[in-house]
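Trainee: Fold the stuff below for me.
(2 chains)
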Amino acid sequence: MRLLVVEDEIKTGDYLKQGLSEAGFQVSLARNGLDGHHLAMTELFDVIILDVMLPDVSGWRILQSLREANNYTPVLFLSARDSVDDRVKGLELGADDYLIKPFAFSEVLARVRTLIRRGGGQTIENTLKISDLEMDIPKRKVQRAGKRILLSNKEFSLLELLLRREGEVLPRSLIASQVWDMNFDSDTNVIDVAIRRLRGKVDDDYAIKLIHTVRGMGYKLEADIDAS
Amino acid sequence: MQAKSRTMSLTLRVVLFVAVTVIACLTLVASLINSSIEHHFMQQDSGELKVISKSVAAVLLQHHNSKNELVKALSKAVAGHHGVYYQVNTAQGQLIYKSSTRDFTEQIMQSPTSPEFNSDNIVKWQTGIYSYRAVVSDVKTQQQLYKISAVIDMSFHLQFLKQFKQSLWAIMLGSGVLILLVAWFAIHQGLNPLRGLSREMHDIQTNKMDVRLADKNIPVELINMVHSFNSMLDRLQDEFLRLSNFSSDIAHELRTPLTNIITQNQVGLSRPRALVEYQELLFSNLEELERLTKMISDMLWLAKTQNGLIKPQQQVLNNHSEIAALFEYFDALAEDENITFVQQGENLDFYCDKLHFRQLLSNLLSNAIRYTPQGCSITLKSKNTANGQICICISNPGEKIANEHLPYLFDRFYRADKSRKRHSDGAGLGLAIVKALVKANGGEIAVTSNDNETSFKLYFALAKTQHHIKH
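Mentor: Predicted structure coming up:
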């Protein structure tokens, strides 16, 4: 998976590149609009991460050129300015997502993965499986090592989300939004409590732990934590 | 136009109004006097002309043997009238008799006549410098048709009128100017208290905002203004104090996490440590930084609401389903704390931005959970108020919030308990955000607290059509 990051702020650019590389992406970093524009127009990427405020060629301009050249690579905008107008302008120009600085790195990662998945047109599977955990979505049944686990509705949705995005770190805000439809930053530790209760049912009695806390970032579901 | 009237001085404006009124009134009075005097003269003249016409007619109607005898009789027809002339002509214009040297034959032949004296036929004649009032009437004797004319010299009247008009205008002008001067002086004097107030206001500075305007020796009309100004100062002083406190609160709220970060980094770097310890340090830094970020974005958000930049997308929401969704969200947390949720009241539809409503209710619920003792329950009760609003009351048992804290509960960074430790979740902006969200959606919020429980009441406009049957 190839990513292009266009970011003039040196530290932000470096850490985005490092973080995304460590998450398994091939990352090209352009430190100004001109280079970014050139790379975006000449090479193929799966997702382009664009800073809006660049000193020479603005992010808007790069996106416009891309779309005019019928290049529909998904674009994630980064901006320090949080105004509805900016957001609308970005989306009108054909941006696929929009993040306001300061953002959590886990959020960037989650959004990039969503954009790639959206482009790929994934198939929705009815049964999900990891290690000895099995989930039958239509029948709403969960089994681990052949033993039935009873989950509440929301616990079921939470586990399904973790399973479908296996191996990805999911930030708390994404979990709140996807499972409970709460689309705002909450001060509460609701998600932590919900995860703890889910763990109590899914992980506590078993040797292999599936749900892992990634400190400072969120949660992920993974069978073999030592291998990663 | 408006700018012009705003810049025009108050004195000039009032004096202009007075001037226009005075000119109009005086002109009216003067013309009334003038016309009534003229009318009076006219009446007087008309009477004289009638007497003369009748006398002459009477002479004509008598029998006379010769023209000479007639002329002689006519010369004696009128006596004791001064400045009065009469003349007799035949219908064809031949002069029979005239009482003076002046000959009016030409005018007589052009004037309207009637058989009897008729005041409508009175006309004005002008010969050279002289003005006359005259009447011509027909007299038919057995032999002949005569035109007799009675004429009064008006020069005296006109002379009198001219002089009278002159002195009248002089008096009017004099009194007009006098009235204007008095008006100007009165306004100038009247505005004196305002100048005094202005001087007092000028002395009010931000560092002595407790100064108030004295309402002694102030005219009744200005008392209201003085009171309004004083209450405006009260509000300003209040806001000013809040703002000053707010800045020092911000400084404090920022300094605490920054001190934590700096201290833990310095300690961490003071000697080599194990990898786990570094990870711990980084994580701890991250926590503090996230807290700072959240605080900054919350403050920016609040600033935006104050500048009216948050535009809610209002839609019809149902209280039962929204509250149920929030309960579901907090379910695990509440169960952990051994707290239960209870929903009561009517099933109603109301207007609010969905995201905003969920966010504000989430803030209120997490607040309620924080202060509710274990084993108790939080109650949400909805009802339809009489004036087209829904009232959602969030009550939780717990310690009473002292009355003096209640008005400030929605202030940024306000804490009823000043010494309370910083909560890991939130910097004291939660309730300020709730209030801003409610206001942005045209709603209201109130808080009450007694020994048993604390209640937040939310008010929003009810949807016009209710889709749910009330039980």
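Trainee: Now do the strands in the stretch 301-450 of chain B.
Mentor: Ranges of strands within the stretch 301-450 of chain B are B:314-318, B:340-345, B:349-353, B:377-384, B:389-397, B:444-449, based on DSSP state E, counting those that start in this stretch.
Trainee: Can the third one be said to contact chain A?
Mentor: No - using C-beta under 8 Å from any C-beta of the partner chain, strand B:349-353 stays clear of chain A, with a minimum separation of 11.1 Å. The way it works is simple: take the backbone N, C-alpha and C, and place the C-beta from them, glycine included.
Trainee: Can I get the biggest helix by length in chain A in CSV, CA atoms only?
Mentor: The residue-count maximum for a helix in chain A (DSSP state H) belongs to helix A:105-120. C-alpha atoms of helix A:105-120 as CSV (Å, rounded to 0.1, in the frame of the first residue of the first chain):
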residue,chain,number,x,y,z
PHE,A,105,-2.2,9.5,15.1
SER,A,106,-4.5,6.5,15.7
GLU,A,107,-7.2,8.6,14.1
VAL,A,108,-5.1,9.2,11.0
LEU,A,109,-4.3,5.5,10.7
ALA,A,110,-8.0,4.5,11.2
ARG,A,111,-9.1,7.0,8.5
VAL,A,112,-6.4,5.9,6.0
ARG,A,113,-7.5,2.3,6.4
THR,A,114,-11.1,3.2,6.0
LEU,A,115,-10.3,5.1,2.8
ILE,A,116,-8.3,2.1,1.4
ARG,A,117,-11.1,-0.3,2.4
ARG,A,118,-13.7,2.0,0.7
GLY,A,119,-11.6,2.0,-2.5
GLY,A,120,-11.2,-1.8,-2.4
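Trainee: Run through the neighbouring helices and strands of that helix.
Mentor: The contact analysis (3 or more C-beta pairs under 8 Å, 6 or more residues apart in numbering or on different chains; DSSP states H and E) places helix A:105-120 against helix A:10-22, strand A:47-51, strand A:75-79, strand A:97-100, helix A:172-180.
Trainee: for the second one, packing partners?
Mentor: For strand A:47-51, the contact count by 3+ C-beta pairs under 8 Å, 6+ apart identifies strand A:2-6, helix A:59-68, strand A:75-79, helix A:105-120 as packing neighbours.
Trainee: re the thing from before, quick check: buried residues in the longest helix of chain A?
Mentor: A:105-116 (16 or more other C-beta atoms under 10 Å in any protein chain shown).
Trainee: Beyond it, next helix or strand please.
Mentor: Heading C-terminal from helix A:105-120, the first helix or strand you meet, by DSSP states H and E, is strand A:127-130.
Trainee: what is the orientation angle of the worst-scoring helix or strand of chain A on mean pLDDT with helix A:59-68?
Mentor: Least confident helix or strand, chain A: helix A:84-93 with a mean of 76, by mean pLDDT, DSSP states H and E. Here the directions of helix A:84-93 and helix A:59-68 differ by 20 degrees (axes from the mean of the first three to the mean of the last three C-alpha atoms, to 10 degrees).
Trainee: re earlier: between the buried residues of helix A:105-120, which is closest to chain B?
Mentor: Closest approach to chain B among the buried residues of helix A:105-120 (C-beta to the nearest C-beta): A:F105, at 10.1 Å.
Trainee: related to what we said a few turns ago, pick the most buried one from the strands of the stretch 301-450 of chain B.
Mentor: strand B:349-353 (a mean of 22; mean count of other C-beta atoms under 10 Å in any protein chain shown).
Trainee: Could you list every helix and strand that that strand packs against?
Mentor: strand B:314-318, strand B:453-461.
Trainee: Now with 10 Å, please.
Mentor: Using 3 or more C-beta pairs under 10 Å, 6 or more residues apart in numbering or on different chains; DSSP states H and E, the elements in contact with strand B:349-353 are strand B:314-318, helix B:319-336, helix B:354-371, strand B:389-397, helix B:430-440, strand B:453-461.
Trainee: is it possible to export these to a markdown table including mean pLDDT and distance to B:V226?
Mentor: Formatted as a markdown table, the helices and strands packed on strand B:349-353 follow (pLDDT from 0 to 100; distance: least, C-beta to C-beta, whole Å):
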| stretch | mean pLDDT | distance to B:V226 |
| --- | --- | --- |
| strand B:314-318 | 90 | 42 |
| helix B:319-336 | 91 | 47 |
| helix B:354-371 | 91 | 41 |
| strand B:389-397 | 93 | 37 |
| helix B:430-440 | 89 | 31 |
| strand B:453-461 | 93 | 35 |
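Trainee: now these in CSV, with distance to B:A134?
Mentor: CSV is the format used below for the helices and strands packed on strand B:349-353 (distance: least, C-beta to C-beta, whole Å):
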stretch, distance to B:A134
strand B:314-318, 90
helix B:319-336, 99
helix B:354-371, 96
strand B:389-397, 89
helix B:430-440, 89
strand B:453-461, 87
